[in-house]
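Engineer: sequence below, structure please.
(6 chains)
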6 protein chains.
Amino acid sequence: MMASTSYRHFKVSVPQEFVTHVEINRVDKVNVFTEDMWMELRQVFDDLSEDDSVRAIVLSGAGERGFSTGLDLAAALSPGSLFNPRPEGIADGARYAARVRKFAVRAQDCVTSIERCEKLCSAVICVLHGITVGLAVDIATCADLRLCTSDVTFSVKEVDAGLAADVSTLTRLPKIVGSAFGADEALRVGFANSIWPTKAAAFHEALRIAVAIASKSPVAVQGTKNFLDWCRDHDIATGLRYTAVWNGGALNTKDIPHSIRAIQVLYTE
Amino acid sequence: MMASTSYRHFKVSVPQEFVTHVEINRVDKVNVFTEDMWMELRQVFDDLSEDDSVRAIVLSGAGERGFSTGLDLAAALSPGSLFNPRPEGIADGARYAARVRKFAVRAQDCVTSIERCEKLCSAVICVLHGITVGLAVDIATCADLRLCTSDVTFSVKEVDAGLAADVSTLTRLPKIVGSAFGADEALRVGFANSIWPTKAAAFHEALRIAVAIASKSPVAVQGTKNFLDWCRDHDIATGLRYTAVWNGGALNTKDIPHSIRAIQVLYTE
Amino acid sequence: MMASTSYRHFKVSVPQEFVTHVEINRVDKVNVFTEDMWMELRQVFDDLSEDDSVRAIVLSGAGERGFSTGLDLAAALSPGSLFNPRPEGIADGARYAARVRKFAVRAQDCVTSIERCEKLCSAVICVLHGITVGLAVDIATCADLRLCTSDVTFSVKEVDAGLAADVSTLTRLPKIVGSAFGADEALRVGFANSIWPTKAAAFHEALRIAVAIASKSPVAVQGTKNFLDWCRDHDIATGLRYTAVWNGGALNTKDIPHSIRAIQVLYTE
Amino acid sequence: MMASTSYRHFKVSVPQEFVTHVEINRVDKVNVFTEDMWMELRQVFDDLSEDDSVRAIVLSGAGERGFSTGLDLAAALSPGSLFNPRPEGIADGARYAARVRKFAVRAQDCVTSIERCEKLCSAVICVLHGITVGLAVDIATCADLRLCTSDVTFSVKEVDAGLAADVSTLTRLPKIVGSAFGADEALRVGFANSIWPTKAAAFHEALRIAVAIASKSPVAVQGTKNFLDWCRDHDIATGLRYTAVWNGGALNTKDIPHSIRAIQVLYTE
Amino acid sequence: MMASTSYRHFKVSVPQEFVTHVEINRVDKVNVFTEDMWMELRQVFDDLSEDDSVRAIVLSGAGERGFSTGLDLAAALSPGSLFNPRPEGIADGARYAARVRKFAVRAQDCVTSIERCEKLCSAVICVLHGITVGLAVDIATCADLRLCTSDVTFSVKEVDAGLAADVSTLTRLPKIVGSAFGADEALRVGFANSIWPTKAAAFHEALRIAVAIASKSPVAVQGTKNFLDWCRDHDIATGLRYTAVWNGGALNTKDIPHSIRAIQVLYTE
Amino acid sequence: MMASTSYRHFKVSVPQEFVTHVEINRVDKVNVFTEDMWMELRQVFDDLSEDDSVRAIVLSGAGERGFSTGLDLAAALSPGSLFNPRPEGIADGARYAARVRKFAVRAQDCVTSIERCEKLCSAVICVLHGITVGLAVDIATCADLRLCTSDVTFSVKEVDAGLAADVSTLTRLPKIVGSAFGADEALRVGFANSIWPTKAAAFHEALRIAVAIASKSPVAVQGTKNFLDWCRDHDIATGLRYTAVWNGGALNTKDIPHSIRAIQVLYTE
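Structural biologist: Numbers count the residues shown, from 1 in each chain, chains lettered A, B, ... in the order given. From the prediction side, this is the model:
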């Protein structure tokens, strides 16, 4: 049990057996992300990924104002930042480009850590409310489910900041082209899975789903999550072949007859 | 003409010229699928695929309770079933895995036979009503169009049964993550093409569409169906190239000037 | 500035700085496309692609009846047309096939020129109203945004003409299977981005969006557009890698600190 | 045991336990292939694929003159043949094209059946001698190993016959561009694995390899063969992932400690 | 007939019916490539691609010293060159990067024009002798066959020049990692198809092959060339499918029975 | 400078500026790999990857008997090993499969760390001598160049051990199918780049190449290495596009005019 783990910018708790709640915990700055928070985010999800007692994760932002305002713009303007190149620092553009590539790969990896989290098993359910900007949208695209409040305002501000600096949104969610949209459009294009009147209501539903997932066979949940990610990236023949090979290992479990019998009881009652 | 063909679990009829109706015909068990029904399903569609008089197919389930409850759970629990492995039978996990892979590839092929059906030409229109569970959803994902009744209840139960045993749904329909959903959500995520108040109304519309398709140039319908499947699996450049090469053969037909003249008449009148 | 350029079938104007309006200008025939118009369409977009003063393009059809009725059917029936093969002309089917492939590749390239238009930078916003048939739908699929009037009627007539002669629609928009649909279905399946009561209202909104895009960093807009196209065709790992490499060159610009400071001012006010 | 199976054009025998010898048996016509022989070839390999007593297969051609002269040219010229289209038969080029596609897919499948043969386990070793033309080369490309005599003469005659009618060679062996080549060039470009002075010597070596393969863990041989085919068609990351998932099922066997102990004994002696 | 066409840097002649000889014609500078020569190279091959009288092309370099020394280094160092960026010109690295991308895409397209040349039909046979450096190797990788003299010296100098500026070599020929190699290594890794003692002997053989290719059915040669390129870029299933669809159009020709009868005569004599 | 770094199983030294020598240092057991050595191998290459003073790496095995005998078979047979599953430990095959997948992914990553090593810049040159078995071949496939002694004996023993447990060889080197081969066959199939009479001679040549690479522009070497890996995994159009985008950042360097001038001096002298 990871109850004793402590992080600087994230609050990690266990509201129910097998269910973990990760809260972005920088309420005074609307959960804005500094570079060390990116790194810690990856640490949190890598730790959870190694913990057998974690089967479902709810991810939310502290406070009432919003999930997160994303990248810290003030830090981005500071001297030496990659986002504020200056003549003396970039005497050689090729070496600057190498720095950017290295940073981008690491930043992408921090965000992708949410998707990679595939222990025995760990679905990630994201609760999105209020201001949700840029990097915060990138993070949300890596979750398995996204529950929104009706007041959520998504804002993909990278273009406004002169950047196409993608760490996930453009890659994983190519459908949304407007730079700002609300809960209804998010639902229409399939980004939001459902809409709730308040943050508390959305969180309550996220917890209910997490508990339901945690009660199922972890073998089956892990397989399902793995197939959905695989099939998104491969053609149908490759997808079917992969699932057939996976199940050569995964069907060899007592969870199946056990689970089938449980369903049959439900039907009979 | 295949009028005389008889199957054990399927009723195959010809309601209109060039249109075939395939009905899952096990009404007492809500059209539940035993393993021999999978095999027969493939036989039905392979036969139709060789029959020049078949240009469009309507697929539905007999009775009022539902399209199908999918996999036969009682059979899955029987001794020797792959879904109920037992110590003595699986002394060697690798040989069990080989059995599972072989079974999975064959099961996937049975379901895929619906999609593969591409004679001169055979669009498949699925009518979905009432209980539609697991394998039944897999089957529906392979059709070209899905018409639902408003009372349809889809249920992707594999996870509840401890399985991620995919034969089509996770591969072909990665968007739906809930394990149960109705007509409205099906329409929203693009799984259902339209919703109808009763099974009779949905079937009537399916037949109308089938007749319309059957009246067009089979060369053009076959090409269109083939391109849609190809483009789903390939990038845009590969898709465009393939259609250009295909049409090197397919444009060489009197169907085209004949069809264009027919349209012009319509416009003139 | 390209103010003096004149085309035969298209009217090109500059309603605002950095914004170009391309109008299909054959109002008497509802903007039907003859083969020389395809070639000229490519010329228009290739020219715009080389013009530094073009940052956003609005594409619309002249007149009130519709955006375009697509392929010229009368021309398609004329002697020697590829769509009307005749015995003496196609004594050798293989050589006829080579002619078709060559024509198809060129026709696809004409339509794709709209998507390829990626100067410093050139988003393409399409205004669709009234009758919009066949080739006109192909053209619309290549735009970045599609604004529709509520009276628009899309019609994918190729099958009715005995053809599956795809130059874009089946490849880029595999979701729509009906041969005719209106604004609401277009919105639901994600083909239309928004619906407007009149052509004037849709055009007004298109212009507003074009001006907004033109006011942003061209480097950032070009990158965003390029990533969206790339990510549509590649898996996620390839998508993320490409954006990281691209930004090795693209972050090296004063646009970024300049844009960030502009945003901060907005927030502060 | 399949000892009693009899085929019309192929002689199937069991020279050693677990090893099967398939001989193309039409010595008077230098093993030329008629269309019914293609179909029977698939039947032979599909049958072997279901037979647990088959772990390695040697494929050779009867007689001294050569492995096979490939496609039967006389039959190809007969009335109604796809290779001899005539005006009255191909009134509609598009329907002729559909016939060709259907034939080509079936012909490719006949040849591919050799590669698909992946029972518990069945490596295929091909002995190539003398005249080896066209379709015979296609067949050889599907084997796992190719042992040649020094007098072998490969001839890819399709172009000379006015055809680019590929059923395997161009797809699986894109390196060889000359239309005729001998044992040395075959070895240099990696098509031949080794060269032997006589057919008897090559066959003897093929049998020795077959016996060696048949003595190994069938689980390991099947996996190796499957990975080689998979990795040829996928990028490295996809290849590594697939082998990791496969081994989730395949390492769960007593064959491994048993085999390791056998190797250790060898080393110790 | 293109006999009258004249180019500035290339000599184009017709040594035999259906065979064209393209000679890089800047003998005083060992056929070094200036930027306008790249553009003209594309023009030459685009022109040949439209000329029905061209069925095979021999490409060689004038003079005795070598095929070509590749990129003009003196020009690369001139002010304003992309290869010599300077502070005042690249005040904004992102705009410089956009210039490079645009140039690279155009340069790659010039070289690729050789491969793209696929009229009715045009195989390209390259004769390589003496000094063959950098861009010259890029050009050679796009030919269908490469005949070398024993004195040829390949030199992939890009790295020595501080560049990884690939326009073809690294993409099409990833096997060679040394920066300099001779005829023997070229043959061993499959880059050279054969080695000849003198340039005259290599040219004579190239011409012999060109005449042989030109005497075959252009339909079959075009198909073969197209399949080889397609199969290099796609997996086996996609390769086989493409060839089946292509032949739907390409088998519909009298060339086939005509060619088969010609072969039979040869056998009978 | 990493001179002070010490590892348990590897000796890391700096024979020349910018050149690092990594020696597998377990001479008493012919450099056999225990599981902790895999992990340390990754640590070594991850460390080198972060070190700016490393531009080329020579990897060799200590002692005269061989490069490495690969996996430690004795450890593989110990209780609790994944390679020796036992009934009580694998009561649930699906959970065992999850353990295997997790182990395999980590093991593959250890070996892949060699290929991933792409600092400013780090080509890896492998010296292979004597006994080189299983995992040792996997490791060698990840190097950029492989220099062999004439007495090297490669042995891909996984199948003999009942395993198809691939961590690199089958994926990266699908050409070699024999389970044992020497220097000549390695050279013929392109696995070995050159053959040397003694280990000392091979090492001397490896060092010479490493020094030569280290003397070039690191920007150019890094790009070249990166392109070769990318192009191996992608089709030609994707490869060309990627290199064009990369060079948008990488051409912006004074290394290029500086390097070109150095070459010109060489030519002039």
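
Engineer: all strands for the stretch 151-269 of chain A, in order.
Structural biologist: For the stretch 151-269 of chain A, the strands defined by DSSP state E, counting those that start in this stretch cover A:153-155, A:180-182, A:194-196.

Engineer: let's have these in CSV, adding mean pLDDT and distance to chain E.
Structural biologist: No exception for glycine: its C-beta is placed from N, CA and C like everyone else's. Shown next, in CSV, are the strands of the stretch 151-269 of chain A (pLDDT from 0 to 100; distance: least, C-beta to the nearest C-beta, whole Å):
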stretch, mean pLDDT, distance to chain E
strand A:153-155, 91, 23
strand A:180-182, 84, 25
strand A:194-196, 95, 39
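
Engineer: got TSV for the ones you listed, with mean neighbour count and distance to chain D too?
Structural biologist: Formatted as TSV, the strands of the stretch 151-269 of chain A follow (neighbours: other C-beta atoms under 10 Å in any protein chain shown; distance: least, C-beta to the nearest C-beta, whole Å):
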stretch	mean neighbour count	distance to chain D
strand A:153-155	20	31
strand A:180-182	16	33
strand A:194-196	19	32
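
Engineer: mind checking which of the ones you listed is nearest chain F?
Structural biologist: Counting by C-beta to the nearest C-beta, chain F lies closest to strand A:153-155 out of these; the figure is 27.5 Å.

Engineer: could you name the helices and strands sitting against the closest one?
Structural biologist: strand A:131-133, strand A:180-182 (3 or more C-beta pairs under 8 Å, 6 or more residues apart in numbering or on different chains; DSSP states H and E).

Engineer: columns distance to chain F on top of these, output as JSON lines?
Structural biologist: Output for those, formatted as JSON lines (distance: least, C-beta to the nearest C-beta, whole Å):
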{"stretch": "strand A:131-133", "distance to chain F": "27"}
{"stretch": "strand A:180-182", "distance to chain F": "29"}
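
Engineer: closest to B:Ser78 out of the ones you listed?
Structural biologist: For B:Ser78, the closest of the helices and strands packed on strand A:153-155 is strand A:131-133, at 50.9 Å, according to C-beta to C-beta.

Engineer: helices of the stretch 151-269 of chain A, residue ranges please.
Structural biologist: A:169-172, A:183-188, A:199-214, A:218-233, A:236-250, A:255-268 (DSSP state H, counting those that start in this stretch).

Engineer: show me which positions of the shortest one end up buried.
Structural biologist: For helix A:169-172, the neighbour count (16 or more other C-beta atoms under 10 Å in any protein chain shown) marks A:Thr169, A:Leu170, A:Thr171, A:Arg172 as buried.

Engineer: quick one, phi psi at A:Ser217?
Structural biologist: Backbone torsions of A:Ser217, given as degrees, to the nearest 10, read phi -60, psi 120.

Engineer: show the pLDDT at it.
Structural biologist: What the model reports for A:Ser217 is a pLDDT of 88.

Engineer: verify the stated contact: it with B:Val159.
Structural biologist: Yes. Shown here, A:Ser217 and B:Val159 form a contact pair, counting by C-beta atoms under 8 Å, at 7.4 Å.

Engineer: can you pick out the residue with more neighbours from these two?
Structural biologist: The neighbour count for A:Ser217 versus B:Val159, taken as other C-beta atoms under 10 Å in any protein chain shown, is higher for A:Ser217 (24 against 20).

Engineer: gap between the more buried one and A:Gly223?
Structural biologist: A:Ser217 sits 9 Å away from A:Gly223, going by C-beta to C-beta, to the nearest Å.

Engineer: how about A:Arg101?
Structural biologist: Remark: distance between A:Arg101 and A:Gly223 (C-beta to C-beta) = 34 Å.

Engineer: more crowded one of these two?
Structural biologist: Between A:Arg101 and A:Gly223, A:Gly223 has the larger neighbour count (other C-beta under 10 Å), namely 28 against 24.

Engineer: list the contacts of the more buried one.
Structural biologist: Listed by C-beta atoms under 8 Å, 6 or more residues apart in numbering or on different chains, the contact set of A:Gly223 reads A:Thr243, A:Trp246, A:Asn247, A:Ala250, B:Leu163, B:Ala164.

Engineer: sorry, back to before: mind putting the buried residues of helix A:169-172 in JSON lines, pLDDT and distance to B:Met37 included?
Structural biologist: Output for the buried residues of helix A:169-172, formatted as JSON lines (pLDDT from 0 to 100; distance: C-beta to C-beta, whole Å):
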{"residue": "A:Thr169", "pLDDT": "76", "distance to B:Met37": "45"}
{"residue": "A:Leu170", "pLDDT": "72", "distance to B:Met37": "45"}
{"residue": "A:Thr171", "pLDDT": "71", "distance to B:Met37": "42"}
{"residue": "A:Arg172", "pLDDT": "73", "distance to B:Met37": "39"}
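
Engineer: looking at the residues you listed, which is nearest chain D?
Structural biologist: Nearest member of those to chain D, counting by C-beta to the nearest C-beta, is A:Thr171, at 16.0 Å.

Engineer: grab the nearest non-local neighbour of that closest one.
Structural biologist: With C-beta to C-beta, 6 or more residues apart in numbering or on different chains as the measure, C:Gly239 is the residue that lies nearest to A:Thr171, at 3.9 Å, once sequence neighbours are left out.

Engineer: what sits against that neighbour?
Structural biologist: A:Leu170, A:Thr171, C:Phe227, C:Trp230, C:Cys231.

Engineer: quick one on the thing from earlier: export the helices of the stretch 151-269 of chain A to a markdown table and tack on distance to D:Asp92?
Structural biologist: As requested, these are arranged in a markdown table below (distance: least, C-beta to C-beta, whole Å):
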| stretch | distance to D:Asp92 |
| --- | --- |
| helix A:169-172 | 46 |
| helix A:183-188 | 45 |
| helix A:199-214 | 56 |
| helix A:218-233 | 39 |
| helix A:236-250 | 32 |
| helix A:255-268 | 53 |
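
Engineer: out of those, nearest to A:Gly134?
Structural biologist: helix A:169-172 (8.1 Å).

Engineer: for the stretch 1-150 of chain A, what spans make up the helices?
Structural biologist: A:35-49, A:73-76, A:93-116, A:135-141.

Engineer: hmm, the third one touching chain F?
Structural biologist: I take that to be helix A:93-116. Yes. Helix A:93-116 lies within reach of chain F by C-beta under 8 Å from any C-beta of the partner chain, at A:Gly93, A:Ala94, A:Arg95, A:Tyr96, A:Ala97, A:Ala98, A:Val100, A:Arg101.

Engineer: farthest pair in those residues?
Structural biologist: A:Gly93 and A:Arg101 (12.4 Å).

Engineer: shared neighbours, those two?
Structural biologist: Common neighbours of A:Gly93 and A:Arg101 (C-beta under 8 Å, 6+ apart) are F:Gly249.

Engineer: what is the burial count for the spatially closest residue to A:Phe67 that is not a sequence neighbour?
Structural biologist: Spatial nearest neighbour of A:Phe67, chain neighbours left out: A:Gly61 (3.9 Å); criterion: C-beta to C-beta, 6+ apart. Using other C-beta under 10 Å, A:Gly61 is surrounded by 27 other residues.

Engineer: excluding chain neighbours, give the residue nearest to the residue of the stretch 51-200 of chain A found nearest chain C in space.
Structural biologist: Nearest residue of the stretch 51-200 of chain A to chain C, counting by C-beta to the nearest C-beta: A:Ala164, 2.8 Å away. Spatially, and ignoring its direct neighbours in sequence, A:Ala164 is nearest to C:Gly223 (2.8 Å; C-beta to C-beta, 6+ apart).
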